[in-house]
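Student: All I have is the shape, not the residue letters:
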């Protein structure tokens with residue numbers, strides 16, 4: 001007899017597993033339970049009368065008994081487990097404004113002229129499709145009978161799809177003659193779609209209705225200008241003045257890169273070209289599942305054997321420009337007169353479309369032998385550049401700043417790491433990487449960098465987090481300042497929102513490098529700094545002011561798309577004449593995604609579906625809102641508000657004794673310290689005995705306060721306190737993990753001294769009979785931070801017991817290696833136990849970097 005009922009639709013199920021599978025297939029029911037869980041969390045939160053009580057800390061914390069929960073929360077639900085349905089517990093954070101100061105409101109300066117004026121009303125393609133189905137008396141699932149048949153046969157080609165694919169033939173004649181004495185001619189295929197239709201598809205998609213911008217705006221707060229999306233920068237504002245009144249500017253973002261389709265064997269490659277719109281929020285464009293970037297076409301890949309080796313490079317450039325000219329030809333007229341398009345909010349607007357030589361700078365006219373100078377040269381005129389390319393028939397396409405290839409893989413990986421290896425030696429650098437202490441989310445290099453054979457942007461980002469600290473005491477003052485300037489600049493360049501203040505810091509960081517780079521020449525590391533990618537950094541600040549933050553133009557977005565539109569499509573083909581099969585497969589995939597979104601729109605759950613899938617976050621689109629004002633720029637920087645915490649639903653280890661805490665967790669004198677803590681802060685709680693048994697947790701999730709410059713998805717950090725897990729049969733041994741945290745003794749002391757650090761040994765709860773439900777932390781303290789080092793900007797500390805404090809965030813402590821060689825006894829697992837000086841890693845994550853930089 002069924003014993004489980006779905007509270008949303010009323011369906012009956014025999015067990016909890018069937019009910020869970022039902023929720024996995026019904027988004028509406030899943031959303032119902034999500035809302036119910038949020039209501040219960042909000043009710044509990046309101047009764048506690050505080051944001052989220054952080055866990056108290058033995059010998060380092062303040063806590064108060066939590067009020068009892070209402071009866072309906074303590075009673076288990078006989079029919080359904082809410083936590084099992086939602087898969088995770090929701091964290092509710094209440095932001096409390098500072099009572100002493102009233103924050104200034106955000107000021108949005110709208111463009112003074114007529115922008116995005118409606119020409120008329122129309123219907124979106126979803127509404128048009130529904131009207132056609134109703135006229136023919138068809139169901140929304142047509143050509144299928146019902147939802148079950150649609151879910152079974154979603155691959156059918158009868159589904160309406162987006163822009164159609166076209167195949168055009170291009171003949172190229174080389175400069176090599178064949179056996180008959182004539183120049184060899186090769187026939188190539190160009191697969192493409194109409195870019196105007198792709199723009200119409202994107203700008204009219206109801207999915208992006210609340211994530212679309214049609215007019216420029218200037219955002220200010222406290223008199224400071226902020227830059228984020230493309231419409232908050234100067235280029236859109238200036239270009240709008242050149243357009244007819246009420247016209248809408250639709251900036252087209254193009255990305256192109258060759259990628260391999262085969263692994264280990266074969267030489268199959270593809271050259272996709274992607275298209276997106278600057279009107280769509282960059283947070284949406286970055287998510288492949290949002291389908292906000294469309295595949296425009298494939299550039300043909302050929303060996304060019306019909307050309308001599310000396311002319312193959314020029315022929316390759318000319319072929320690229322010819323193909324791009326064919327693909328973008330429909331945009332020429334659209335950019336001159338505009339095109340009437342139905343936008344996602346059903347308003348018809350006239351949209352004007354605009355598109356935003358090797359060893360040369362594509363942005364300025366700097367000489368090829370002066371790119372190492374810290375000097376701004378006259379910017380190139382795009383019309384003159386087009387004329388030069390048209391007459392020469394060669395040259396690279398001008399591009400915007402690219403953090404991945406120019407900064408991470410270009411400056412950091414190809415140059416900065418090599419300079420460090422030459423200064424201190426490869427062996428010494430590998431030893432320091434191997435002895436580096438561990439922290440959650442930080443990659444460890446147990447054998448150093450010399451064994452890495454294939455680099456990606458991920459390796460470069462991880463190295464940036466710890467590289468500077470490895471050089472403290474080993475390099476000169478000027479070398480340290482130069483390397484710190486480059487790393488600071490790289491971190492600032494990745495901000496999702498910039499202000500005039502952060503742009504000034506970014507400029508200072510680059511100037512610091514150029515003032516001290518001569519020290520590397522004196523050491524013989526470099527003969528000059530005439531490096532194209534290093535010169536490109538000069539244009540970053542200007543590009544942010546003109547086009548918005550660089551995370552919206554980063555090629556990491558298009559690199560990720562290679563998996564979906566190239567590699568998966570190739571694997572679905574027969575490997576012969578694969579481009580035609582790839583386009584067919586992609587057309588079918590787009591049709592399925594479009595139909596899925598259409599059915600969600602019919603059911604009125606399109607926005608809920610997007611949120612449930614994790615596609616969009618309304619507060620993570622780079623736009624600054626009034627609600628964010630009190631917590632982002634002010635309270636986050638000063639750490640006035642404590643973060644939120646979350647423990648697992650069940651303890652990692654139950655009924656753990658004091659002997660186990662001492663031997664496995666390093667919690668020496670546990671009972672003595674616990675009773676001293678209880679007498680001081682909870683005198684009504686009975687003392688603990690040596691036979692006490694505790695529930696211990698190995699993980700604590702911390703939600704950091706919001707920061708306007710940092711992506712919301714990067715606010716979550718975790719603190720681990722797991723002991724050594726020995727080898728068991730075929731399961732390998734897992735070393736112990738005891739992470740460090742940054743603690744706040746009082747707000748004034750934090751602003752003056754920078755807070756305290758400690759290594760968390762264990763997280764536990766007292767037995768229920770003791771009457772204290774708040775979780776507690778046992779910590780081994782380090783000394784208070786001393787003044788930050790002038791060269792590295794890192795705060796030193798060492799081990800020492802301290803008084804109670806509150807956990808602010810997790811942190812990473814790095815041993816100060818100094819000028820001597822690394823002690824061979826130091827290992828990544830126990831280096832924090834050594835009686836030495838440690839450095840607080842300001843590059844551990846963006847929140848730590850921003851807090852210590854402001």
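Tutor: Alright, I've got the coordinates. Since this is a predicted model, take the numbers as computed values, not measurements.
Student: Could I get the average pLDDT for stretch 531-544?
Tutor: The average pLDDT within stretch 531-544 is 90.
Student: can you give me how far it is from the chain middle?
Tutor: 22 Å (CA atoms, centre = their mean, to the nearest Å).
Student: what about that stretch, start to end distance?
Tutor: 22 Å (CA to CA, to the nearest Å).
Student: Also stretch 135-142?
Tutor: End-to-end for stretch 135-142, by CA to CA: 13 Å.
Student: Can you give the contact residues for it?
Tutor: Residues outside stretch 135-142 that contact it (CB atoms under 8 Å, 6 or more residues apart in numbering): 130, 133, 145, 146, 147, 149, 150, 598, 599, 602. The way it works is simple: take the backbone N, C-alpha and C, and place the C-beta from them, glycine included.
Student: which is the next helix or strand following the longest strand seen in the chain?
Tutor: Longest strand in the chain, counting residues (DSSP state E): strand 166-177. Following strand 166-177 in sequence order, the next helix or strand is strand 183-192 (DSSP states H and E).
Student: just to revisit the earlier point, now which of the contacts of stretch 135-142 would you call buried?
Tutor: 130, 150, 598, 599, 602 (16 or more other CB atoms under 10 Å).
Student: Kindly state the beta-bridge partners for residue 253.
Tutor: On the basis of DSSP bridges, residue 253 is bridged to residue 276.
Student: Show the pLDDT at it.
Tutor: 89.
Student: In helices, which of the buried ones among the contacts of stretch 135-142 fall?
Tutor: 130, 150, 598, 599, 602 (DSSP state H).
Student: returning to what we had before: want to throw the buried ones among the contacts of stretch 135-142 into CSV with pLDDT and distance to residue 193?
Tutor: Below are the buried ones among the contacts of stretch 135-142 laid out as CSV (pLDDT from 0 to 100; distance: CB to CB, whole Å):
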residue, pLDDT, distance to residue 193
130, 80, 25
150, 64, 26
598, 80, 20
599, 81, 24
602, 80, 27
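Student: Pull the residues that contact the longest strand of the chain.
Tutor: 183-194, 300, 304-308, 311, 315, 319, 322-323, 326, 580.
Student: Quick check: neighbours of it in the sheet, parallel or antiparallel?
Tutor: strand 183-192 (antiparallel).
Student: from the chain's centre, how far out does the strand it pairs with sit?
Tutor: 40 Å.
Student: in it, what counts as buried?
Tutor: In strand 183-192, counting by 16+ other CB under 10 Å, buried: 184, 186, 188, 190, 191, 192.
Student: name the helices or strands packed onto the helix or strand just after that strand?
Tutor: Moving toward the C-terminus from strand 183-192, the next helix or strand (DSSP H and E) is helix 195-203. Counting contacts by 3 or more CB pairs under 8 Å, 6 or more residues apart in numbering; DSSP states H and E, helix 195-203 is packed against strand 248-256, strand 272-277, strand 294-298, helix 330-337, strand 339-342, strand 347-355.
Student: mean confidence score for stretch 284-294?
Tutor: 87.
Student: ok, now how distant is residue 168 from residue 338?
Tutor: 26 Å (CB to CB, to the nearest Å).
Student: brain fart, residue 690
Tutor: 81 Å.
Student: With neighbour numbers in mind, choose between the two.
Tutor: residue 338 (19 against 10; other CB atoms under 10 Å).
Student: need the next SSE after the helix or strand of the chain with the lowest mean pLDDT, C-terminal direction.
Tutor: Lowest mean confidence among the helices and strands of the chain (mean pLDDT, DSSP states H and E): helix 636-638, at a mean of 36. Later in the chain than helix 636-638, the nearest helix or strand by DSSP H and E is strand 644-646.
Student: Give the partner strands of that next one in its sheet and their orientations.
Tutor: Using DSSP bridges, the strands paired with strand 644-646 are strand 699-703 (antiparallel).
Student: Does anything pack onto the helix or strand just after the strand it pairs with? Which helices or strands?
Tutor: Sequence order places strand 716-722 as the next helix or strand after strand 699-703, per DSSP H and E. Applying 3+ CB pairs under 8 Å, 6+ apart, we find strand 716-722 packed against strand 699-703, strand 737-738, strand 756-765, strand 806-811.
Student: Show me what the helix or strand just after the longest one packs onto, helices and strands only.
Tutor: Spelled out, it's strand 756-765. Remark: after strand 756-765, the chain's next helix or strand is strand 776-781, criterion DSSP H and E. With contacts taken as 3+ CB pairs under 8 Å, 6+ apart, strand 776-781 sits against strand 56-58, helix 670-681, strand 756-765.
Student: buried residues in the longest one?
Tutor: Yep, that's helix 670-681 we're talking about. So for helix 670-681, counting by 16+ other CB under 10 Å, buried means 670, 671, 673, 674, 675, 677, 678, 681.
Student: what's the answer for stretch 167-182, then?
Tutor: 172, 174.
Student: Average pLDDT for that stretch, rounded please.
Tutor: 87.
Student: one step back: pick the most buried one from the helices and strands packed on helix 195-203.
Tutor: strand 294-298 (a mean of 25; mean count of other CB atoms under 10 Å).
Student: Quick one: list the elements packing against it.
Tutor: strand 183-192, helix 195-203, strand 272-277, helix 312-328, helix 578-602.
Student: Could you list the paired strands of that strand along with their orientation?
Tutor: Per DSSP bridges, strand 294-298 is paired in its sheet with strand 183-192 (antiparallel), strand 272-277 (antiparallel).
Student: to the chain's geometric centre, what's the distance from stretch 671-685?
Tutor: Distance, centroid of stretch 671-685 to centroid of chain: 43 Å (CA atoms, centre = their mean).
Student: correction: stretch 474-482
Tutor: That offset, for stretch 474-482, works out to 31 Å (CA atoms, centre = their mean).
Student: so how far is the helix or strand harbouring residue 849 off the chain centroid?
Tutor: Assessed by DSSP H and E, residue 849 sits inside helix 846-853. Relative to its chain's centre, helix 846-853 lies at 16 Å (CA atoms, centre = their mean).
Student: model confidence over that helix, on average?
Tutor: So the average pLDDT for helix 846-853 ends up being 88.
Student: helices or strands next to it in the packing?
Tutor: Helices and strands touching helix 846-853, by 3+ CB pairs under 8 Å, 6+ apart, are helix 477-493, helix 636-638, strand 806-811.
Student: what's the most buried one of those?
Tutor: Of these, strand 806-811 is the most buried (mean count of other CB under 10 Å), at a mean of 24.
Student: possible to save the helices and strands packed on helix 195-203 as CSV with distance to residue 492?
Tutor: Shown next, in CSV, are those (distance: least, CB to CB, whole Å):
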stretch, distance to residue 492
strand 248-256, 22
strand 272-277, 25
strand 294-298, 31
helix 330-337, 34
strand 339-342, 37
strand 347-355, 28
